[in-house]
Each structure stands twice: as C-alpha cells, then as structure tokens.
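Student: Give me a 3D structure for the following:
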Amino acid sequence: KNCKSGTFKLQKTYVAGHVTFTSCKNKKIRVTPLVINASRALVKGLNLSSVHASKINLNHTFVDGNLNFKRNRNFEKVEATDFKAVGINVSGKTYFKDCKLDKLNLRDARLAKDLDLDCVDTTEINLSRAIVSGNAFVTGCVVKGDFKAHDTTFSKDLKFRGKISGDNQEPQQNIFSGQVDLSESKIGELLISKTFFSVPDGCALCLDKADIEGWCRIKDSKINGSLSAQSLECRRSLDLSEASLGTPLHNQTDDYIALNLSGVQVKRGLSMPRTYVNGGIDLSLASCDILDDAQSGWMCCNDQNQSNSSNNSHNVNLHGFQYRLFADASAYDAASSKDSVFTVRKSWLKRSPDKVDCFNPQPWRQAASVLNSMGYEQVSRKLSIERRTQERKAKNASLMTKVQGWFLYWLAEYGFNPWKTLAW
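Tutor: Take a look at the predicted model:
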C-alpha cells in the first residue's frame, strides 16, 4: 500500500490469498519508478488499484480469481509504460478500467470469464492466440496503434461499444488509429457500435477467415479505410447496413477495394451498407441466403457520386456471387417508375467488371434467375435480353457472333419475345 518506488518480485511464488497493490489517498504522490514482476506466480487474486508503474510483468502467471487493473474513485487514471501478461491464466474476470498504457500484451492468455477493456488509452493491444471463455467488451477505448486479435477465440460475444458517461450525453466512442485485426478468430457474436476506425492508407478492419457462430453487425460506426472480410464464415446474418465506409479520394487507385467480401459465406442474410461506399466492392465467390441491398449505397441512385473519381475504383465484383432471394426487390427510390427494378439491377450488374476482354454472364444469369423465382418474370426477361446484348457487344466477340446476335435481337429479342417474329 502507498507504493512509491522500487521493484517487487514475485516470480514463481505461491500466494494463498489475494495480492493487492494500491496507492495512497494523496493524489500528488505518483509511483512512476515502480516495477512489479510476478511472472509465473500463483495467486488467489490480483488487484492493481490506482497504481502508476513503469513495468508490470505477469507473463505465465496463474490468477485463481479476478485480475483488476483500475483506478479507485476520485483518483486519476492508472498508468503503466509496459504491461506484459503473455500466457497469463485467469480463472475469474479480467478488468482494465481507466488505464493509460504504452502497450497491453495479453498474447496467448487464457481467460476463463469475461474480459472488460473500459476506457483504456494505449498505443497497442495484443490478444493474438488468446482464449476468452466469457464475453469480451471494448468500451470507450483509444488505441493509437494496432488492435491485434489474430487467431483468437472469443467463445461468447465480442462487443465494441461506446461509453455512456452521463444522462443526455453522447457516448464516448472507441477510436482505433491502427488496424483492428480479427483475422482467423473464432467469435460467438460480433457487435461493433459507436466505433471509429482510421487507417486511410490501408485496411482498418480485418475479418479475413474469421468464424462467427452467431450475428455479425456493424452499426453507427465509421471506417476511414477499407474493410476486409475475405473467406469470412458467418452462421447467421452479416449486417453492414449502418456501417459508413469512406476513404479520401487522393488515397484511392483504380483497383482500390473499400469493401472486400470475396469468399464470404453467410448462412442467412447479408445487408449491404446504406450509405455510399467510396471505393470498389468485391463479392466474388461469396454466398448468402438473402441479399438486402434495397437501400444500399452501391445502387444506381448514387451514380452521381461516381463522377468524383475513376469508374474502376467503384466497381462491384459479382463473379461467382450466389444468393437465393433479394430482401425487397422493389424497394427503390424510383419505385414509381415502371421499370425501376430492371433499371436498378441493370446498372448494378454493369458495374461488375468482366474478365480481360471476356464477358462474364454469370452475375446476369444469377440475378435473372432470382428475380424470376420471386415473380418478376418481365424484369428477368429484360435482364436476359440485356445479357445477350452485352455479350454481343463484348470485345472478344467475333464479327459473325455480332452479326448473328444483332439479327436474333431484331427478329425475336434472342427468343425471349417470339411475338416479335409474327410482327416481322
């Protein structure tokens, strides 16, 4: 108690009760030179309350209880230049609150219950290959560097959320100035709200090859950079409807991908962002049951936004994309128009890039088949006619193919309108 300086060593020590480090009530006294080394120790519980230390080493320590690193009421934030807990094993809850850390390293940790990161201010958080058997909460944190959770297991929920400090006040949002890496992680459910990601020159949020057992939802959050979820597997729904993706135009190239969902496997619904996605979208080889994009920012109603940058950087790669239904095929701003569904889907499909000098008919066939099964036979027929027209106009089409296609179009619209033959 009232620690000021020195080094406290508990390596390979067994303590049958709790271990507590706490500062005195005088706010002016700081214990900056304090070094706490309890690596490979076995303790009943560990409480670091209102402690200011230069180094804390809990590598491979076993805590048979709760691990607390937080400030007491009316005290300033607790601080540690370097907090290492590689391979730590905690049987109770792990709680970091109102902390200012240079780095927080929980790599290979085994946390039997909840992990709560509440108002943590740090340059880096490392949870790679950790196992969190309870819920994990990231609330009102400021991370100036990377948040690393590669190949991490979150058995229950992982929630990024804002900190509510008082009545009628805006929640303090999470701010990540480096990449949030959840690649190859196993997660019960993932909810991201009131969070700001900012990596303008690269990937701000990485979910590549993640395995999510339940819902995955991003709401009321802004991503200044790209979102990558290649080969993500979500056993329920993936909801990106309230996510905002934006990247400054000077950071974009012709092949820039703002939202990479290639190879994503979603068992239920896939909801696309409602706001305009400032960059390309990749859905190649992805699959879902229901596609909800009726109010999405990738539709033709936002074509005016594309004029601000190159057309290539706003492509939608639909090669191999499989879906069974549209959530609401007719819910568009142009619903009063007779051909609104056809106009929207035609514009959407024409944004899908073809292979080099080769027309790709698969996205057109997929959309026409789905619309036909939903009762939009006329729209399906028009898309099929447009597909044959685009195929005839392809760069690799031979002269004979173009002449034959032109003849079949004017004779009977490629066979989709046999009544036109009678008119001839």
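Student: For Ser128, grab the count of nearby residues.
Tutor: By the criterion of other CB atoms under 10 Å, Ser128 has 19 neighbours. Glycine gets a C-beta too; all of them are placed from N, C-alpha and C.
Student: ugh, wrong one, I meant Arg388
Tutor: Using other CB under 10 Å, Arg388 has 18 neighbouring residues.
Student: which SS class is it?
Tutor: Secondary structure for Arg388, judged by DSSP: H, G, I helix; E, B strand; the rest coil, is helix.
Student: Now do it against Phe359, distance only.
Tutor: For Arg388, the distance to Phe359 equals 10 Å [CB to CB, to the nearest Å].
Student: and if you look at Gly145?
Tutor: In this view, Gly145 and Phe359 are 45 Å apart by CB to CB.
Student: And Val143, by the same measure?
Tutor: Val143 sits 46 Å away from Phe359, going by CB to CB.
Student: And these two? Which one has more around it.
Tutor: Between Val143 and Phe359, counted using other CB under 10 Å, the more crowded position is Val143 (22 against 16).
Student: Now the nearest residue to the more buried one once chain neighbours are set aside: phi and psi?
Tutor: With sequence-adjacent residues excluded and distances taken as CB to CB, 6 or more residues apart in numbering, Val143 is closest to Phe176, at 5.0 Å. Phi and psi for Phe176, reported as degrees, to the nearest 10, are phi -120, psi 120.
Student: Let me know the pLDDT of Phe176.
Tutor: With respect to pLDDT, Phe176 has a value of 97.
Student: One more: Phe8?
Tutor: At Phe8, the pLDDT value in this model is 77.
Student: That one contacts Ile36, correct?
Tutor: Yes. Applying CB atoms under 8 Å, one finds Phe8 in contact with Ile36, separated by 5.1 Å.
Student: what sits in contact with each of those two?
Tutor: Both Phe8 and Ile36 are contacted by Phe21, under the criterion CB atoms under 8 Å, 6 or more residues apart in numbering.
Student: more neighbours, these two?
Tutor: Higher neighbour count among Phe8 and Ile36: Ile36, with 24 against 14, using other CB under 10 Å.
Student: In the sheet, which strands lie alongside the helix or strand where the more buried one lies, parallel or antiparallel?
Tutor: Using DSSP states H and E, Ile36 sits in strand 35-37. Each strand paired with strand 35-37, and its direction, by DSSP bridges: strand 7-9 (parallel), strand 52-57 (parallel).
Student: mind listing what the nearest residue to Lys382 once chain neighbours are set aside touches?
Tutor: Sequence neighbours aside, Phe342 is the residue nearest to Lys382 in space, at 4.9 Å (criterion: CB to CB, 6+ apart). Applying CB under 8 Å, 6+ apart to Phe342 gives the contacts 378-379, 382-383.
Student: Let me know the closest of the residues you listed to Lys346.
Tutor: Proximity of those to Lys346 (CB to CB) peaks at Leu383, which lies at 6.8 Å.
Student: Look up phi and psi at the residue nearest to that closest one when sequence neighbours are not counted.
Tutor: Nearest non-adjacent residue to Leu383, counting by CB to CB, 6+ apart: Ala368, 4.3 Å away. Phi and psi for Ala368, reported as degrees, to the nearest 10, are phi -60, psi -40.
Student: Ok, the one 3 residues further on next?
Tutor: Dihedral angles phi and psi of Leu371 (degrees, to the nearest 10) take the values phi -60, psi -40.
Student: so who does Glu189 touch?
Tutor: The contact partners of Glu189, taken as CB under 8 Å, 6+ apart, are 156-158, 212-216.
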